[in-house]
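Student: Starting from these lines, generate the structure:
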Amino acid sequence: MEETIRIRAVDKSDWSSVVEGFDIETIQDVLEVVGADGQKIGLLCEAEDGNSYINGQPETAYISLQAAATALLKGKE
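Tutor: Below is the predicted model:
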């Protein structure tokens, strides 16, 4: 059975407290991923360079939000 997730935008005023290793000015959007049980799974960050990142960590870039979300969910298992 597939797990249902919810994705919500994180308010820009909260970005500095949830994103590490990035200049906040290079971020376009921060999204929180929540599982069916209501527990936070992690964060997706979309940068101005077109790449997406998991949990605000710049070490690994993903080519899309979908690729980052898939990696985030696989890492949770």
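Student: Need the mean per-residue confidence for the lengthiest helix in the chain.
Tutor: Using DSSP state H, we find that the single longest helix of the chain is helix 65-76. Averaged across helix 65-76, the pLDDT comes to 87.
Student: Enumerate the positions of it that are buried.
Tutor: Leu65, Ala68, Ala69, Ala71, Leu72 (16 or more other CB atoms under 10 Å). (Glycine included, C-beta is placed from N, CA and C.)
Student: which other residues reach it?
Tutor: 3, 5, 7, 31, 33, 35, 41-42, 44, 46, 52-55, 60, 62 (CB atoms under 8 Å, 6 or more residues apart in numbering).
Student: Send over it as CSV, restricted to the C-alpha atoms.
Tutor: The C-alpha trace of helix 65-76 is given here as CSV (Å, rounded to 0.1, in the frame of the first residue of the first chain):
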residue,chain,number,x,y,z
LEU,A,65,11.4,18.3,-6.3
GLN,A,66,10.0,14.9,-7.3
ALA,A,67,13.5,13.3,-7.3
ALA,A,68,14.2,14.9,-3.9
ALA,A,69,10.9,13.8,-2.4
THR,A,70,11.4,10.3,-3.6
ALA,A,71,14.9,10.2,-2.0
LEU,A,72,13.5,11.6,1.2
LEU,A,73,10.8,9.0,1.4
LYS,A,74,13.2,6.2,0.6
GLY,A,75,15.5,7.4,3.3
LYS,A,76,12.7,7.2,5.8
